[in-house]
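**Q** sequence below, structure please.
(2 chains)
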Amino acid sequence: DGGITQSPKYLFRKEGQNVTLSCEQNLNHDAMYWYRQDPGQGLRLIYYSQIVNDFQKGDIAEGYSVSREKKESFPLTVTSAQKNPTAFYLCASSALGRLDQPQHFGDGTRLSIL
Amino acid sequence: QKEVEQNSGPLSVPEGAIASLNCTYSDRGSQSFFWYRQYSGKSPELIMFIYSNGDKEDGRFTAQLNKASQYVSLLIRDSQPSDSATYLCAAVFSGTYKYIFGTGTRLKVLA
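**A** Residues are numbered from 1 along each chain as shown, chains lettered A, B, ... in the order given. Model prediction:
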């Protein structure tokens, strides 16, 4: 079955440490996205990519970095510059070029500070 | 700043009633709108999308779009306790493939 796989499900970060969240999709989607969700809040866009080797900052990109070396993969690194990283991180993908293309979400990664 | 706004709720309805969830958006260039349901601790799952003015029905769900008034709504008929969740409205704006999400409306269906 096609879908989006995020790993790990839970992640703990120590002070000053960079951590990387994995996102892989086999839906053959061109666009991929990373969101952050805080308790009781909506989704805030961190980064998105519409094509391999290109990506754009979202609304809250500071303290995060991404890469898009392959169409299927869009890893997110939470750097030590992100002082409040505790949140639920969601990866999504979508096809491009049609009005009826929703985003498909992975199951998420829950990140906490040790 | 393109925005999508929702009342955070909670919206409480008795079992079997119609739940009405509303969403307004700021950009007249918005093209497509999506409703997602999110259970606590889980990722959003798509319920419906709509991009033409009017109503679109799928089972117990009806999405309504009024581009002149810039609002989109979701009606849930015969509400069930299992419908209790947060409902997220999202819009895709013209010229971009960014999806702008509202903060969600929490629905409680009382048995």
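
**Q** so which strand or helix has residue 40?
**A** You didn't say which chain, so I picked chain A. A:Gly40 belongs to no helix or strand when assigned by DSSP states H and E.

**Q** number of nearby residues for it?
**A** 10 (other CB atoms under 10 Å in any protein chain shown). C-beta: built from backbone N, CA, C; applies to glycine.

**Q** now swap in A:Tyr10 and tell me
**A** A:Tyr10 is flanked by 9 other residues according to other CB under 10 Å.

**Q** so it sits right up against A:Leu114, yeah?
**A** No - using CB atoms under 8 Å, A:Tyr10 makes no contact with A:Leu114, being 11.8 Å away.

**Q** tell me who's in contact with B:Tyr71.
**A** B:22-25, B:65 (CB atoms under 8 Å, 6 or more residues apart in numbering or on different chains).

**Q** and which of those is nearest A:Met32?
**A** Of all the contacts of B:Tyr71, A:Met32 sits closest to B:Tyr25, with 23.6 Å by CB to CB.

**Q** quick check: beta-bridge partners of that closest one?
**A** B:Val4 (DSSP bridges).

**Q** counting neighbours, what do you get for it?
**A** For B:Tyr25, using other CB under 10 Å, the count is 22.

**Q** quick check: B:Ser43 touching A:His104?
**A** No - in this structure, B:Ser43 is not within contact of A:His104 by CB under 8 Å, at 9.5 Å.

**Q** next, find the distance separating the closest residue to chain A within chain B from A:Asp38.
**A** Nearest residue of chain B to chain A (CB to the nearest CB) works out as B:Thr103 at 3.7 Å. For B:Thr103, the distance to A:Asp38 equals 11 Å [CB to CB, to the nearest Å].

**Q** cool, and A:Thr79?
**A** From A:Thr79 to A:Asp38 the distance is 18 Å (CB to CB).

**Q** these two: which is more packed in?
**A** For A:Thr79 versus A:Asp38, the count of surrounding residues by other CB under 10 Å is larger for A:Thr79: 15 against 12.

**Q** backbone dihedrals for the more buried one, please?
**A** Backbone torsions of A:Thr79, given as degrees, to the nearest 10, read phi -90, psi 170.
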